[in-house]
Structures are given as C-alpha cells and as structure tokens.
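Engineer: below is the sequence, then the predicted model.
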Amino acid sequence: MKSTLSYKNIWRVSLPIILSFVAENIVNVTDTAFLGRLGTVELGAAGNAGIFFFVMLEVGLGFSIGSQIIIGRRNGERNYHKIGGLIHQAFIILLPLALLLFLFVQYFSPILFEQLTRSNEIAEASIIFLKYRSYGIFFAFCNFIFISFYTGITSTRVLTLSTFIQAGVNVILDYALIFGHFGFPELGIKGAAIASVIAEAAALTFFILYSTKTISREKYNLFKHISIEWSLIKKLLNLSTPIIFQYFMAVSAWLAFFMIIEQIGEKELAISHIIRSIYMVLMIPLFGFSSATSTLVSNTIGEGKPHKVAQLVKRIVLLCLACTLLFIPFILTLGNEIVGIYTTSIELIEGSQFVLYIISASILLFCIAYIHFSAVIGTGKTIAALIIEMSSISIYLIAAYLLAIVWKMDLHIVWCSEFIYFSIMGMLAILYLKFGNWKSAIV
C-alpha cells in the first residue's frame with residue numbers, strides 16, 4: 001500500500017474527487033446561469049427547492065460517509081473480504097429510505113413551501129421543481145453507495161468519470177429542456193429538474209457497468225451471498241446516524257439562511273443564489289480534500305498509526321489552501337464578468353460585488369476548519385462531529401437572523417455570518433483532535 005501520509009498519495013486520492021466536484025459545479029453553474037435567464041423567480045425558486053432537495057439527499061450522503069469510514073478502516077487493515085457485506089447492507093437500508101423520502105417530498109414539501117415562502121410565485125415554482133426532481137433520489141442514493149466504496153478503498157479515479165458523464169448529460173438536457181432546443185418541448189424550471197434526474201440515472205448506469213467489468217468480486221466478497229446482517233446494520237447505523245444528522249443540519253442551515261434572505265427580498269435572494277453558485281466553485285478543492293481527509297484518516301488509523309493523523313491533516317490543509325488560493329484572484333479581479341455569466345441584470349451584478357469579497361476571504365477560513373472537521377469524522381467519533389456541527393450552526397443562524405431581520409443590515413454584512421460559523425467549527429474540531437479520546441475508537 002502506498003504511504004498514506006505522503007503528499008503524492010494525498011494528491012492521488014484527492015485529485016479525482018476534486019475533478020468530480022469540478023463536473024458537479026459545471027452542473028451547478030449551468031443550472032443557475034440557464035435559470036437566471038428565465039428570471040429572478042425561477043432562479044430563486046430552483047435555488048431554494050434545490051437546497052431543500054439536498055437536505056433530503058444528505059440523509060443518504062451521511063449514511064454513505066459512515067459506510068466510507070468503515071470501508072476505509074477495513075481497507076487499511078487489509079480486511080478486504082469484509083467490505084462487500086458493508087455494501088450489501090448499505091443498499092438494504094438506503095433503498096427503502098429513499099422511498100420514504102420520495103413520498104415525503106411529493107406530499108409534504110408543498111405544504112412547507114406554502115408556509116415558509118413569502119412570495120407565492122417562488123412557492124409555486126419551487127413545488128413544480130420538487131415534483132419532478134424528487135424522482136432522482138433513488139438514483140442518487142445508489143450512486144452514494146458506489147462513491148463510498150470507491151473512496152473507501154482509495155480508488156477514486158472512477159468518480160471523475162462518473163461525474164463528468166453526469167455533468168455532460170445534465171448540461172445538454174438542461175439546454176434542451178429548459179429552452180426547448182433540439183426538438184424538445186420548452187419546459188422551463190420543470191426541464192431543469194427532469195434533466196438532473198436523467199443525469200443521475202446515467203451516472204448509476206456507468207457505475208454498474210464499470211464495477212461489473214473492473215472490480216474483483218472475490219477480493220471484496222461483493223454481490224455474493226447477499227443477506228441481511230443485523231450486526232453490520234447496527235454498526236453502520238451507530239456510526240452513520242450522527243453523520244446523517246450532521247449533514248442534514250448543515251444543509252438545513254443553508255436552507256434556513258436562504259429563507260432568511262428571502263424575507264429581505266427577491267433581488268437579495270437571487271443575488272445570494274448566484275453567490276452560492278460561485279461559492280461552490282471556490283469550494284471545489286475543499287470538498288475534494290475533505291472527502292479524502294475522512295478516508296485517509298480512517299485508513300491511517302486502520303494501519304495502526306493514529307499518532308500520524310496530525311501530520312496528515314496538516315499536509316492536507318496546506319494542499320487545500322494552496323489550491324483554493326488559485327481561484328481567488330479571478331474572483332477579485334473579474335467579479336462583474338463572473339456574475340455576468342448568471343444574469344444580464346446590472347442591479348444583480350452590482351449587488352453581488354461586496355458579497356464576492358466576503359466569500360473570497362471566508363473560504364480560506366473554511367479550508368482550515370472543514371479539513372479538521374472532516375478528520376474528526378474520519379476518526380469514527382461521529383457524535384463529537386455532530387456536537388461540533390450543532391454548536392456552530394446554532395450560533396451561525398442566530399447571527400444571520402439578527403443581522404438580516406432584527407438589525408436589517410446590508411446583504412454583504414449578513415453574509416459575514418459565514419466567518420462566525422467557520423471560526424467556531426474550526427476551533428472546536430482542532431481542540432477535539434488535540435485533546436479528545438479518539439485514537440482508540442473501534443470502527
């Protein structure tokens with residue numbers, strides 16, 4: 001096995017994940033840009049509904065991260081034959097869960113959006129979007145399981161291929177279905193939702209074909225003698241449940257933040273969703289390195305080297321900061337041009353500038369905080385990670401509410417609440433890694 005601690009190995013595992021986030025952000029940028037051409041209502045509605053849908057997806061994603069940690073530990077221990085059973089139980093748990101969440105989105109999300117959204121137009125468009133987008137939850141959950149497997153065994157190149165396939169299908173169908181090109185009907189916001197579902201199905205098809213052709217079923221005991229193993233299910237649930245709540249809370253906080261912004265006005269909401277799209281581009285290196293962090297920390301502990309985790313995390317932070325810094329000069333010098341990709345409105349372009357400066361600074365703090373936080377998850381101490389997230393989010397949302405609603409500050413000042421969130425998260429994660437009892441955690 002290659003040295004887990006080396007910069008080369010960190011980069012080997014992280015780069016394909018980073019490239020997969022590049023592809024995901026191509027989807028994010030094109031969705032926002034295309035819908036921005038339709039109008040502020042469509043942009044705001046798809047943005048809020050999209051975040052709400054991702055809240056549902058976080059349940060599956062959190063479970064898959066828990067699976068990934070255990071797979072990483074078994075991979076580090078070289079207990080490869082135990083990995084297949086983990087994958088089987090993940091499917092057994094996530095597919096019924098996907099059905100429950102699908103029904104929830106179909107029947108209860110309209111009630112929520114009607115109650116929580118001030119603008120009737122945004123509420124109606126959000127409900128239409130979710131009606132079609134919710135079908136993708138089945139494909140997405142299956143994709144999460146494949147991603148946890150390949151990330152856990154540090155074979156991440158396939159993630160780049162699958163995500164670029166998903167991105168390519170999504171971009172082409174977005175263009176065709178939103179605007180009615182290539183002989184397709186002009187469906188507007190409905191077309192964006194349908195395009196995303198088909199793209200997720202394409203990615204799943206690729207995963208199945210690739211795994212069938214390249215993965216040794218014997219080595220990993222994969223898709224052989226599939227049965228319910230209650231001891232494994234219990235282990236997965238014990239480790240994953242705090243991560244599910246943590247991911248659920250993190251994206252719910254984003255949804256709550258944008259609901260707060262929506263109370264200010266439709267223009268501010270449209271600006272914030274444009275900023276969110278640009279923010280996600282800035283986060284590409286961070287999300288890639290953070291996913292690698294959890295896996296590499298788990299593998300390192302599995303190799304019997306918990307004392308090397310601090311060195312590993314430091315190296316990942318340095319790589320993450322170096323990669324993120326490459327993006328910031330473009331944001332600072334070409335801000336108007338970048339926002340112009342999403343909208344032709346001078347009002348929205350001018351209103352975005354100060355917020356761009358805020359996120360350019362906050363992303364550096366985010367790198368430090370989130371890599372350390374991902375290391376806490378990688379140790380298997382997921383309850384500690386949940387407590388850190390809960391503490392950070394609570395103060396973050398209180399700050400955002402006070403700034404936006406009580407004190408009625410300008411939009412860029414409201415976005416400064418990001419600094420509060422990352423500062424608390426980073427401080428608590430660093431303290432836990434330094435003083436917490438995680439080195440002997442059994443996974």
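Structural biologist: Cool, got the structure.
Engineer: hang on, S360 packs against L334?
Structural biologist: No. S360 lies out of contact with L334 (C-beta atoms under 8 Å); the separation is 11.8 Å. Just so you know, the C-beta spots here come from the backbone N, C-alpha and C atoms, and that holds for glycine as well.
Engineer: so which of these two has more stuff around it?
Structural biologist: S360 (20 against 12; other C-beta atoms under 10 Å).
Engineer: buried sites along whatever helix or strand that one lives in?
Structural biologist: Assigned by DSSP states H and E, S360 belongs to helix 346-378. Residues 348-349, 351-352, 355-356, 358-360, 362-378 are the ones in helix 346-378 that count as buried (16 or more other C-beta atoms under 10 Å).
Engineer: now do that helix: distance to the chain's middle.
Structural biologist: 14 Å (C-alpha atoms, centre = their mean, to the nearest Å).
Engineer: what sits closest to G62 if chain neighbours are left out?
Structural biologist: I244 (3.4 Å; C-beta to C-beta, 6 or more residues apart in numbering).
Engineer: just give the number of residues close to N120.
Structural biologist: Number of residues near N120 (other C-beta under 10 Å) recorded here: 10.
Engineer: oops, could you answer that again for W438 instead?
Structural biologist: Counted with other C-beta under 10 Å, the neighbours of W438 add up to 19.
Engineer: can you pull the phi and psi angles for it?
Structural biologist: Dihedral pair for W438: phi -120, psi -10, per degrees, to the nearest 10.
Engineer: what pLDDT does it get?
Structural biologist: With respect to pLDDT, W438 scores 92.
Engineer: dump the residue contacts of it.
Structural biologist: Shown in contact with W438 (C-beta atoms under 8 Å, 6 or more residues apart in numbering): 306, 376, 379-381, 384, 432.
Engineer: F206 contacts I165, doesn't it?
Structural biologist: Yes. Contact criterion C-beta under 8 Å: F206 and I165 qualify, at 5.2 Å.
Engineer: pLDDT value on the closest residue to I358 other than its chain neighbours, please?
Structural biologist: Of all residues not flanking I358 in the chain, W415 sits nearest, at 4.7 Å (C-beta to C-beta, 6+ apart). For W415, the model assigns a pLDDT of 97.
Engineer: just the residues contacting the helix or strand encompassing G426, thanks.
Structural biologist: Counting by DSSP H and E, the element that carries G426 is helix 417-435. For helix 417-435, contacts defined as C-beta under 8 Å, 6+ apart pick out 257, 309-310, 313, 358-359, 361-362, 365-366, 368-370, 372-373, 375-376, 379, 381, 384, 387-389, 391-393, 395-396, 399-400, 403, 438.
Engineer: give me the angle between it and helix 346-378.
Structural biologist: Compare the direction of helix 417-435 with that of helix 346-378 by axes from the mean of the first three to the mean of the last three C-alpha atoms, to 10 degrees and you get 10 degrees.
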